[in-house]
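# what's the 3D shape of this:
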Amino acid sequence: MRRRIPLVAALLASVSAVRETRSGPVDSVGRFASTNTHGALRGLKTNSLLSVASILAALFAISASAAPQSGPHTLDRLTRPHLARGSKAPHNKVSSWLRAAQRGLGPFAGPLVPADPPRSPEGELLVYVDCDPLGAEQIEALEGAGLTVDGVDFGHGRVRGKVDDALLNRLAEFSWVHAVRPVDRAVARVGSVTTEGDAAGQADLLRAQGLDGSGVVVGVISDGIDHVADAQRSGDLRSVTVPSGGCPRGTGDEGTALLEIVHDIAPGAQLLFAGPQDSFEMIQAVQCLTAAGADVIVDDLGFFAEPYFQDGPVAAAVLGAVKAGVSYHSSAGNEAQQHLEQDFVATPGSTLHDFAAGAGDNTNTVVVPPGGTLTCILEWNDPFGASANDYDLVLLDQNLRVVAVSDDPQTGAQDPIEAISVVNTGNTNAVANVAIDRFGQSALRRLELFCLGASSLEHVTPAGSIIGHPALSEVVSVAAIDVADPGLDDVESFSSRGPARIDFPARVDRAKPDLAAFDGVSISNAGGFPACPPFCAFFGTSAASPHTAGVAALLLQQNPSMTPLAVQVALRAGGVDIGPVGFDDASGVGRLDAVTTINMPEPGATVQLVAGLAGLLAIDSWRARRRPTPYSDSSSRRR
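Next up is the predicted model:
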């Protein structure tokens, strides 16, 4: 028998109050982010910000702790007043997260409180304003309404800037403004020395043969290189150039660590760097490094407000780099234990999602470490900019009191995303409960949820946790193996898994990751990254991807005519199979082996193209045959 736990009056009152003002959407995420059912999630997706330190703590806590064991929480239906949809009120366009920052849901009885959206040092909100059309007239109007513009992307109809809280609605009043949301912060995949991955991948043997990456330009994209000079003084790094024209220097030192690994593998390669802080700058960074002559680019950043079920703007920029001749490498991600993907299943008599697929558990219990930030982002398989199915995201505390809600409306022209972000202000673990609500007559959809910063998550599905530009077929997506693993054959439990599900413009499961490289490696710890102690070694897929990029530089030194596809095919063909026989969702083709990769027979260009595409398509086709029957409701799904 299912145990029914009625919602307390506070939950009903809080959610109803939120819904009464529900006439608009928004978005945000990045290093990790917060609040209000439809808009909060969207705002959160663009701004779900978790610091590198928080991510590290969460990743290692995950591997050390079991998922929370709680009894079924069957909540009564979240009742809300009937709302007329299609209203053009300004706050319909402002994300829930930004709106929550204006009015709040507090005071709060427990340690969990909504996280503040991203702000400038002066306290102004950092926002994206999505516009159609977008030209000089619109930019002038936005500036007149109080937006300090610091970036414009005409191709995607997006303006980046900062604005006072009180002026948000003024921005939304323009008919050509479609959404005002927090910026989408970058999430780094963290997890006189030489990386142990150099020997583990046998790159040292290639240097003994005279290959050191000379003549090859490698661009690195990460958080920053604040103390790069320290690594250069210790001899762990050569000169690094930050090109002009859209390559920011960034802040932090994870970028320094990535550069050191590339330098260890390919010490003769010329090094470039860019440190974007959000998705807007990421697009510029990719284009900047490409224009500066990079032959290889590697990044370790994720953007959780980008689409999960289709390729977004960042993926488009990366694909443009590959088409320009760049061999592109990216960390697969560290979110295998912070991810859930399920079809929506209604709890009987309720609009709440049943995380137990019919067993009656409509909360996903999450543990938030002391001082930690939890950012949960929900997406579903509707096209961005065209979602007519409305799902909301709610976060409750241990006593089922509402802490944050994201309830942006989806009425046919919005994005299918909601996000919430909270902070644990206490000095002990805090328990949170995530609920997903289907609003109105919304069709059943595939749900994908990330809860970044969780030290434990009750309902988890590691499969399918590779999203965004690392999910592109043309990108070398890299999983992580602890270099101290005796057999070098166990992928880290946190390393994101494939396949990468894509619904638009056509349904396919992309075979990811491509292969696995090494983490737990030594770096100089310039700038105190990572914190030493406790993590003197560099863990995470962030440490793995620069290993394959370094080997790519050796390949291109040996044969400068190799195309990005040829490099990808060679890396895959040279991989040492680990885990299940053949390609698998954890390690791809297997472990990086530089010697085997370099010594692979060199097929002609046509053979490379056919072999590479055939291999990728064969795996994708096999996955397509295994996928379950699609929804009978396909009215808004492109085929």
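
# Can you pull out the low-pLDDT segments for the stretch 151-300 of the chain?
Along the stretch 151-300 of the chain, segments meeting pLDDT under 70 span 191-208.

# change it to 80
Along the stretch 151-300 of the chain, segments meeting pLDDT under 80 span 189-210.

# Do you have the strands of it handy? List them.
158-163, 177-182, 187-188, 217-221, 240-241, 270-274, 296-299 (DSSP state E, counting those that start in this stretch).

# Go through those and name the closest to Glu306.
strand 187-188 (10.8 Å; CB to CB). Where you see a C-beta, it was placed from the backbone N, CA and C, and this is true even at glycine.

# Make a markdown table out of the strands of the stretch 151-300 of the chain and add mean neighbour count and distance to Gln209.
Below are those laid out as a markdown table (neighbours: other CB atoms under 10 Å; distance: least, CB to CB, whole Å):
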| stretch | mean neighbour count | distance to Gln209 |
| --- | --- | --- |
| strand 158-163 | 22 | 47 |
| strand 177-182 | 28 | 50 |
| strand 187-188 | 28 | 34 |
| strand 217-221 | 28 | 20 |
| strand 240-241 | 16 | 26 |
| strand 270-274 | 25 | 21 |
| strand 296-299 | 30 | 20 |
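
# Can you redo those strands as a markdown table, where the extra columns are distance to Ser545?
Below are those laid out as a markdown table (distance: least, CB to CB, whole Å):
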| stretch | distance to Ser545 |
| --- | --- |
| strand 158-163 | 27 |
| strand 177-182 | 27 |
| strand 187-188 | 11 |
| strand 217-221 | 10 |
| strand 240-241 | 17 |
| strand 270-274 | 15 |
| strand 296-299 | 5 |
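
# nearest to Ile377, of the ones you listed?
Of all the strands of the stretch 151-300 of the chain, it is strand 187-188 that lies closest to Ile377, at 10.4 Å by CB to CB.

# packing partners for the closest one?
Contacts defined by 3 or more CB pairs under 8 Å, 6 or more residues apart in numbering; DSSP states H and E place strand 187-188 against helix 52-64, strand 301-302.

# can you pull the contacts of Arg249?
Gly224, Ile225, Val242, Phe273, Gly275 (CB atoms under 8 Å, 6 or more residues apart in numbering).

# State the pair within those residues that is farthest apart.
Longest span within the contacts of Arg249, CB to CB: Gly224 and Val242, 10.1 Å.

# neighbour count winner among those two?
Gly224 (23 against 18; other CB atoms under 10 Å).

# quick one on the thing from earlier: where among the helices and strands packed on strand 187-188 is the average confidence lowest?
Of all the helices and strands packed on strand 187-188, the minimum mean pLDDT falls on helix 52-64 (a mean of 33).

# before we move on, back to that, what is in contact with Gly224 and Val242 at once?
Residues touching both Gly224 and Val242 (CB under 8 Å, 6+ apart): Arg249, Gly275.

# Pretty sure Ala544 sits against Val476.
No - applying CB atoms under 8 Å as the test, Ala544 and Val476 come out as separate, 10.8 Å apart.

# ok, the two, which is more surrounded?
A direct count of neighbours by other CB under 10 Å for Ala544 and Val476 places Ala544 higher, at 35 against 29.

# With adjacent residues omitted, what lies nearest to Gly579?
Ser587 (5.3 Å; CB to CB, 6 or more residues apart in numbering).

# Just list the residues touching that neighbour, thanks.
Residues in contact with Ser587, defined by CB under 8 Å, 6+ apart, are Ala479, Ile481, Val491, Pro513, Leu515, Ala516, Ile578, Gly579.

# pLDDT-wise, what's the bottom of those?
Among these, Gly579 carries the lowest pLDDT, at 92.

# need the helices for the stretch 251-400 of the chain, in chain order.
254-265, 279-291, 313-323 (DSSP state H, counting those that start in this stretch).

# Show me which positions of the last one end up buried.
Going back to what we said before, that points to helix 313-323. For helix 313-323, burial by neighbour count (16 or more other CB atoms under 10 Å) applies to Pro313, Val314, Ala315, Ala317, Val318, Leu319, Ala321, Val322.

# Leu126: which of the contacts of Arg249 is nearest?
For the contacts of Arg249, the nearest to Leu126 is Gly275 (16.4 Å; CB to CB).

# Need phi/psi at that closest one.
Here is the backbone geometry of Gly275 (degrees, to the nearest 10): phi -120, psi 70.

# do the same with Tyr128
The phi/psi pair for Tyr128 (degrees, to the nearest 10) is phi -100, psi 140.

# who's in contact with Cys247?
Counted by CB under 8 Å, 6+ apart, Cys247 has contacts Leu272, Phe273, Ala274, Gln284, Ala285, Cys288, Leu289, Ala292.

# Repeat that for Met562.
Ser327, Leu555, Leu556, Ala570.

# would you turn the contacts of Ser587 into a markdown table with distance to Tyr308 and secondary structure?
As requested, the contacts of Ser587 are exported to a markdown table (distance: CB to CB, whole Å; DSSP: H, G, I helix; E, B strand; the rest coil):
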| residue | distance to Tyr308 | secondary structure |
| --- | --- | --- |
| Ala479 | 19 | strand |
| Ile481 | 26 | strand |
| Val491 | 22 | strand |
| Pro513 | 16 | coil |
| Leu515 | 23 | strand |
| Ala516 | 22 | strand |
| Ile578 | 27 | coil |
| Gly579 | 25 | coil |
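
# burial measure for the closest residue to Leu352 other than its chain neighbours, as a count.
Excluding its sequence neighbours, the residue lying closest to Leu352 (CB to CB, 6+ apart) is Asn362, at 4.1 Å. By other CB under 10 Å, the residues close to Asn362 number 26.

# how close does Asn362 sit to Phe450?
19 Å (CB to CB, to the nearest Å).

# likewise Ala324?
Ala324 is 31 Å from Phe450, by CB to CB.

# So which of those two has more stuff around it?
Between Ala324 and Phe450, Phe450 has the larger neighbour count (other CB under 10 Å), namely 29 against 13.

# Which strands and helices lie in contact with the helix or strand where the more buried one lies?
Here Phe450 sits within strand 446-452, counting by DSSP states H and E. Here strand 446-452 touches strand 339-343, strand 364-368, strand 373-380, strand 430-438, going by 3+ CB pairs under 8 Å, 6+ apart.

# Would you mind giving the domain segments of this structure?
For the chain, automatic domain parsing gives the domain ranges 119-182, 188-335+463-626.

# Now distance to Ala419 too, for those, in TSV please.
What follows is the domains of the chain, written out as TSV (distance: least, CB to CB, whole Å):
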stretch	distance to Ala419
domain 119-182	9
domain 188-335+463-626	7
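
# Can you say which of the ones you listed is nearest to Asp390?
Comparing the domains of the chain by CB to CB, domain 119-182 comes nearest, at 15.1 Å.

# In the stretch 401-550 of the chain, where is pLDDT below threshold?
Those would be 533-535, if you go by pLDDT under 80 across the stretch 401-550 of the chain.

# mind listing what the closest residue to His263 other than its chain neighbours touches?
Of all residues not flanking His263 in the chain, Leu237 sits nearest, at 5.3 Å (CB to CB, 6+ apart). When contacts are counted by CB under 8 Å, 6+ apart, Leu237 touches Val228, Ala231, Thr256, Leu259, Glu260, His263, Leu271, Ser524.

# Could you pull up phi and psi at the closest residue to the last one other than its chain neighbours?
Pointing back at Ser524 there. Take Ser524 and drop its neighbours on the chain: the residue closest to it by CB to CB, 6+ apart is Asp236, 4.3 Å away. Here is the backbone geometry of Asp236 (degrees, to the nearest 10): phi -90, psi 0.

# can you count the residues close to Asp236?
Count around Asp236 with other CB under 10 Å applied: 25.

# quick one: it from Pro267, how far?
10 Å.

# what about the strands of the stretch 151-300 of the chain, which gets the closest to Gly151?
Per CB to CB, nearest to Gly151 of those: strand 158-163, 3.9 Å.
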